[in-house]
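1. quick one, what's the 3D model for this:
(one chain, ligands or ions: 2)
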Amino acid sequence: MLRLPKFEVKNPATVEEAVAMMMEIHGEARFLAGGTDLNPNMKHGLFTPERIVALGGIEEMFGVGFDESGNARIGAMVTLAQVEQHPDLRRAFPALCQAAKLVSSPQLRNMGTLGGNVMLDTRCQWYNQTYFWRNALGYCLKKDGSKCHVIEGGSKCVAAASNDTAPALMTLNAELEFATTSGRVRMPLADLWQADGIWNKKIPHTDLLVALHVPKPAAGSRGAYGKLRDRGSIDFPLFGIAVRLDFAADGSISDAALCAVALQARPWPLKKAAELLIGTHPGQASFNDAVEKVAMLAAKQCRPMPNIPGDHEYRHLMVPVYTRRTLHAAAAGEGPVHHI
Ligand SMILES: Cc1cc2nc3c(=O)[nH]c(=O)nc-3n(C[C@H](O)[C@H](O)[C@H](O)COP(=O)(O)OP(=O)(O)OC[C@H]3O[C@@H](n4cnc5c(N)ncnc54)[C@H](O)[C@@H]3O)c2cc1C
Ligand code: SF4
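-> Numbering: from 1, shown residues only. Ligands and ions are numbered 1, 2, ... in the order given. Below is the predicted model:
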């Protein structure tokens, strides 16, 4: 049986207290939201924090609201199940709710939070293993070792961002509100990431994600999420792609955004591919032609590595398939795409 290591638990009532509790010890401390990723990782010996700062008592981090302009504020402690089922979020941000719906299993979506999903650690098949397994392998760059088993001779960890909601939030231009030691900071989600699988965020792990702000979508905006996975439940993405399509009054696409995940350390926006869709009309040849071009370009730009389970060449072959299907689903106001 895998056991949790010993640690102390703190239960702050405010975000300021939570940040202070992270800073006041010399050893490692970690925030705990739903614990669906942190707890298994601690059982695997990937983190051995002396202190856990549990976020369940901080009222400010719960709840979904819209301001008078239609911009959403989603507390970081809102669960994935609540995101998936929220009628206003479903109407405004279909790709986000579809992505939340495809995370793991109902039990984990009831416990797992949107904040925890955004702040999720990267994953790798050579790292997300028990201590015994990693010890037999000789460890790796990410923890306790000096080699990467994905890229021979590689000096940088390329563990994959595997959080399903991140690409959807990227296409929606979401912003993050953090509580830090020097006060509140708001930043675009697109600016959060760095290309380092050991820690793929530009902020320290002592900064607390308080809420997500998602701007009001353009009138008639549509979206969808496509997820390649081994089974119809539980599995992390082998490849994920989120799409947003905005429409002009004549029914043509006025703006588009695509973002992929489960490739490398950060979610991967496909800006050039998205531009090919602008001006085309779903239901007409112009859109179908553009979708084919986008699918081919996505295959060029998305190169899965053997960092997560699943044959990476098969994952690569599925990139244009899932890109194409997700674009058609978004245009039709359907989705998610997750055929197995
Ligand atoms: C079997 C299994 C299958 C899974 N499948 C998927 C999947 O298909 N797709 C997917 O995306 N995920 C999957 N997960 C991972 C996980 O369940 C989800 O990502 C979930 O959303 C994590 O949220 P949480 O609240 O449980 O985070 P936690 O486990 O509590 O925390 C995750 C990380 O984020 C940090 N953190 C949490 N909240 C905050 C905050 N507010 N501010 C700063 N840091 C914070 C924690 O310190 C920790 O490092 C799976 C996990 C398991 C065990
Ligand atoms: S990508 Fe390389 S260094 Fe990073 S976790 Fe995997 S094996 Fe370790």
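2. just the CA atoms of stretch 56-73, as CSV, please.
-> C-alpha atoms of stretch 56-73 as CSV (Å, rounded to 0.1, in the frame of the first residue of the first chain):
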residue,chain,number,x,y,z
GLY,A,56,-11.3,24.7,1.7
GLY,A,57,-12.0,27.3,4.3
ILE,A,58,-11.4,30.4,2.1
GLU,A,59,-14.8,31.7,1.2
GLU,A,60,-13.4,34.1,-1.4
MET,A,61,-12.2,31.2,-3.6
PHE,A,62,-15.6,29.7,-4.1
GLY,A,63,-18.5,30.7,-6.4
VAL,A,64,-19.2,31.7,-10.0
GLY,A,65,-20.4,35.2,-10.8
PHE,A,66,-20.9,37.5,-13.8
ASP,A,67,-20.5,41.3,-13.7
GLU,A,68,-22.9,43.6,-15.5
SER,A,69,-20.9,43.5,-18.7
GLY,A,70,-21.0,39.7,-18.8
ASN,A,71,-17.4,38.9,-17.7
ALA,A,72,-17.2,35.8,-15.5
ARG,A,73,-15.3,35.4,-12.3
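3. when you scan it, is anything in it near ligand 1?
-> No: Stretch 56-73 stays clear of ligand 1 (Cβ under 6 Å from any ligand atom), getting no nearer than 6.6 Å. Backbone N, C-alpha and C define where each C-beta goes, glycine included.
4. which residues touch that stretch?
-> Stretch 56-73 has contacts (Cβ atoms under 8 Å, 6 or more residues apart in numbering) with 11-15, 18, 55, 74-78, 82-83, 86, 88-89, 92-93, 115, 210-216.
5. could you redo the last one with a cut-off of 6 Å?
-> Applying Cβ atoms under 6 Å, 6 or more residues apart in numbering, the contact partners of stretch 56-73 are 11, 13, 15, 74-78, 86, 210-211, 213-216.
6. which of these lies closest to ligand 2?
-> Nearest to ligand 2 among those, counting by Cβ to the nearest ligand atom, is Ala76 at 25.8 Å.
7. wait, the closest one sits on Leu209?
-> Yes: counting by Cβ atoms under 6 Å, Ala76 touches Leu209, with 4.6 Å between them.
8. next, show the common contact partners of these two.
-> Common neighbours of Ala76 and Leu209, counting by Cβ under 6 Å, 6+ apart, are Gly115.
9. can I see the domain layout of this structure?
-> 8-56, 224-331 (automatic domain parsing).
10. compute the first-to-last residue distance for the longest one.
-> When you say that, I think you mean domain 224-331. Using Cα to Cα, to the nearest Å, one end of domain 224-331 lies 9 Å from the other.
11. pull out the buried residues from the helix or strand where Leu317 lies.
-> Secondary structure from DSSP states H and E places Leu317 in helix 312-331. Buried residues in helix 312-331, defined by neighbour count with 16 or more other Cβ atoms under 10 Å: 312, 315-316, 318-331.
12. for Ala195, see how far away the residue of the chain found nearest ligand 1 is.
-> Across the chain, no residue is closer to ligand 1 than Gly116, which sits at 2.2 Å (Cβ to the nearest ligand atom). The gap separating Gly116 from Ala195 is 22 Å, by Cβ to Cβ, to the nearest Å.
13. for those two, indicate the residue with more neighbours.
-> Higher neighbour count among Gly116 and Ala195: Gly116, with 24 against 11, using other Cβ atoms under 10 Å.
14. help me confirm that that one is found in a strand?
-> No: counting by DSSP: H, G, I helix; E, B strand; the rest coil, Gly116 is not part of a strand but helix.
15. near ligand 2, which residues of the stretch 201-340 of the chain?
-> So far as Cβ under 6 Å from any ligand atom goes, the stretch 201-340 of the chain lies against ligand 2 at Asn307.
16. helices along the stretch 201-340 of the chain, start to end?
-> 271-275, 285-301, 312-331 (DSSP state H, counting those that start in this stretch).
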